[in-house]
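Enquirer: attaching a predicted model along with its sequence, questions to come.
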Amino acid sequence: MDSTIALPATAAGMVPLNLLQWPNIIQGGMGVGVSGWRLAKAVSTRGHLGVVSGTALDSVLARRLQLGDPEGHLRRALAAFPVPGVAQRILENYFIPGGKPADQPFRIISMPALEASRPYEDLCIAGSFAEVFLAKENHNNPVGINLLEKIQTPTLHALFGAMLAGVDYVLMGAGIPRQIPGLLDQLALGQPVEMRLDVAGGTPAHPAVISLDPMAFFGCPVPPLQRPRFLAIVSSPVLADSLLRKSSGKIDGFIVESSIAGGHNAPPRGPMKLTDSGEPLYGPRDIIDPEKFRQLGLPFWLAGGYGRPGKLAEAQKLGATGIQVGTAFAFCEESGLTPELKRAVLKEARAGRLKVHTAPCASPTGFPFKMVELPGTLTDQEIYEQRDRVCDVGQLRQTWAREDGKIGFRCPAEPIDNYIRKGGKLEDACGRQCLCNSLLAAIGLGQVRSSGDMEAPLVTAGDDAADLAQYLPESSDSYTAADVLRRLTGN
């Protein structure tokens, strides 16, 4: 191909107008597609940091194209991708004019693997590129992407795609992301990168790594890219200090997340104990002390329970740069959750009946995970028990060392016999939820099974979901991202 690569301006090094400032409010990067490009753009264009979720963007892109991309946004983003052949191949494989029939399943894409095929690389890199490109389109304010350390196999491709679109911030939690800052440095220079994977069940014959060579992907040298700022999501100053000392590169700041935040929570420090309702019991060692983070000397944002008026000023008085808010944005008009789920949650919140349960073992990651208790979702025990255990998205699969020293993949939410055959323990599989399929269903991308049934959704939110009614105008059953920002800032 031509050695001239056309990249978005910020990807090629143009600094956004207000990147020199730190944001006061960071919108959480939630779920699969809940924090989609529409939400991130709505927040970013109002002067705060909008964030897209980087989870399963390969599946999100492929499935939305199969629904016909009715407004043409994805095709517009793909047309801007700097390798034209990639967009053409993706459209040929997945785009269905007018959309697939509602009762037909989505075409399954390749699951993450150690050695990525070219079709997988295309879809993963372009999916991340498209989401960030659309979030940044037609304005010059920063946009971030949120990734999980527990989802390692797609990480390099998701980062590279986001950087090609000029992403300004990378946020990462659910683990200890020591390798990421240095990988960002290398990717910004167009250098080949390798990322070591965590391996369960013994010592493999060879290290488990994923790799990406930007020049091989493009077929020519890649121009220098903007290196995004890196914010690590942590729950303790001990972890933050360890990251500062052992990270492979520069950490620009911390998002300090308490146990009442939505999605995955850090486990309690010390042995896991449960409350009478079966939730993890957090104690004094888990209480956030902002002063200890202030002493680290880097910007930090407080998260978990800060989606209320006055909380921004409160956090800043404690030394924080600002706050991260997720739950309030998750149910606004611009979020990716289906309208039906948003209405159901807001109706329960307005009536004072909304319940959020912190499940200690629902997530395949092993981290506590918050679930909104709603009829028709996987929190309904009957629906959970009737669902056939299927693992065909694979974002949360673990790498494990087989007896022959080779690397395999397994997931505690896959069929139990398969999991045990791969060296997993029965007790680790019981009660696990397939977050990949249920979170895709929550944004209207649920798979249709051979029985004709569609995957049931799952909704996650923080403990402050009970306060969502504060954003609802008296005569309305919905609110916007702008409504949330007005309440949070007092403007």
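Expert: Received the coordinates, thanks.
Enquirer: in the stretch 251-400 of the chain, which spans are strands?
Expert: 253-257, 300-303, 322-325, 356-359, 369-372, 398-401 (DSSP state E, counting those that start in this stretch).
Enquirer: just the stretch 1-150 of the chain next, same as before
Expert: 25-27, 50-53, 143-148.
Enquirer: nearest to residue 303, of those?
Expert: Nearest of these to residue 303, taken as Cβ to Cβ: strand 25-27 at 8.0 Å. Yep, even glycine has a C-beta here, placed from its N, CA and C like the rest.
Enquirer: any idea of the mean pLDDT for that closest one?
Expert: Strand 25-27 shows a mean pLDDT of 96.
Enquirer: what comes up buried for that strand?
Expert: 25, 26, 27 (16 or more other Cβ atoms under 10 Å).
Enquirer: sorry, back to before: just say which of the strands of the stretch 1-150 of the chain is most tucked in.
Expert: Ranked by mean neighbour count, these are led by strand 50-53 with a mean of 32 (mean count of other Cβ atoms under 10 Å).
Enquirer: that older thread, lowest-confidence stretch among the strands of the stretch 251-400 of the chain?
Expert: Note on those: strand 398-401 shows the lowest mean pLDDT, a mean of 87.
Enquirer: pipe the strands of the stretch 1-150 of the chain into TSV and attach distance to residue 126 per row.
Expert: What follows is the strands of the stretch 1-150 of the chain, written out as TSV (distance: least, Cβ to Cβ, whole Å):
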stretch	distance to residue 126
strand 25-27	24
strand 50-53	14
strand 143-148	14
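Enquirer: tell me which of the ones you listed lies nearest to residue 290.
Expert: Closest to residue 290 of those is strand 25-27 (Cβ to Cβ; 15.9 Å).
Enquirer: which among the strands of the stretch 1-150 of the chain is found nearest to residue 282?
Expert: Of all these, strand 143-148 comes closest under Cβ to Cβ, at 20.8 Å.
Enquirer: so residue 470 touches residue 487, yeah?
Expert: Yes. Contact criterion Cβ atoms under 8 Å: residue 470 and residue 487 qualify, at 6.8 Å.
Enquirer: what do these two both touch?
Expert: 308, 309 (Cβ atoms under 8 Å, 6 or more residues apart in numbering).
Enquirer: quick one: mean pLDDT over the strand or helix carrying residue 417.
Expert: Using DSSP states H and E, residue 417 sits in helix 416-421. Averaging pLDDT along helix 416-421 gives 93.
Enquirer: which outside residues touch it?
Expert: Against helix 416-421 from outside (Cβ under 8 Å, 6+ apart): 389, 391, 410, 411, 412, 426, 428, 429.
Enquirer: repeat that for 6 Å
Expert: 410, 429 (Cβ atoms under 6 Å, 6 or more residues apart in numbering).
Enquirer: could I get the buried residue list for that helix?
Expert: Those would be 416, 419, for helix 416-421 by 16+ other Cβ under 10 Å.
Enquirer: next structured bit after that helix?
Expert: Once the chain leaves helix 416-421, the next helix or strand it forms, by DSSP H and E, is helix 426-429.
Enquirer: could you list every helix and strand in contact with that next one?
Expert: If you count contacts as 3 or more Cβ pairs under 6 Å, 6 or more residues apart in numbering; DSSP states H and E, helix 426-429 packs onto no helix or strand.
Enquirer: quick one: contacts of it?
Expert: By Cβ under 6 Å, 6+ apart, helix 426-429 touches 412, 416, 419.
Enquirer: how near is the second one to residue 158?
Expert: In this structure, residue 416 and residue 158 are 30 Å apart, going by Cβ to Cβ, to the nearest Å.
Enquirer: residue contacts, residue 454?
Expert: Taking Cβ under 6 Å, 6+ apart, we find residue 454 in contact with 446, 448.
Enquirer: please name the bridge partners of it.
Expert: residue 448 (DSSP bridges).
Enquirer: still on that earlier bit, of the strands of the stretch 1-150 of the chain, which approaches residue 320 most closely?
Expert: Using Cβ to Cβ, these put strand 25-27 closest to residue 320, at 11.0 Å.
Enquirer: who are the contact partners of residue 55?
Expert: residue 32.
Enquirer: if we use 10 Å, what do you get?
Expert: Residue 55 is in contact with 29-35, 145-148, 151, 154, 158, 395-396, 435-436, 439-440, counting by Cβ atoms under 10 Å, 6 or more residues apart in numbering.
Enquirer: which residues sit against stretch 89-103?
Expert: 58, 61-70, 74-75, 78-79, 81, 83, 104, 106-107, 109, 118-119, 122-123, 126-127, 130, 448, 452, 454.
Enquirer: Produce a ChimeraX select command limited to the buried residues of these.
Expert: In ChimeraX, a selection of the buried entries from these looks like this (16+ other Cβ under 10 Å):
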select :58,61,62,63,64,65,66,67,69,74,78,81,83,106,109,122,123,126,127,130,448
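Enquirer: the contacts of stretch 89-103 in helices, which ones?
Expert: Among those, DSSP state H puts 58, 61-66, 74-75, 78-79, 118-119, 122-123, 126-127, 130 in helices.
Enquirer: just send the strands of the stretch 251-400 of the chain back as JSON lines, with mean neighbour count and distance to residue 183 too.
Expert: As requested, the strands of the stretch 251-400 of the chain are exported to JSON lines (neighbours: other Cβ atoms under 10 Å; distance: least, Cβ to Cβ, whole Å):
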{"stretch": "strand 253-257", "mean neighbour count": "26", "distance to residue 183": "18"}
{"stretch": "strand 300-303", "mean neighbour count": "28", "distance to residue 183": "22"}
{"stretch": "strand 322-325", "mean neighbour count": "28", "distance to residue 183": "23"}
{"stretch": "strand 356-359", "mean neighbour count": "19", "distance to residue 183": "32"}
{"stretch": "strand 369-372", "mean neighbour count": "24", "distance to residue 183": "27"}
{"stretch": "strand 398-401", "mean neighbour count": "20", "distance to residue 183": "18"}
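Enquirer: can you tell which of these is closest to residue 213?
Expert: Using Cβ to Cβ, the nearest of the strands of the stretch 251-400 of the chain to residue 213 is strand 398-401, at 21.0 Å.
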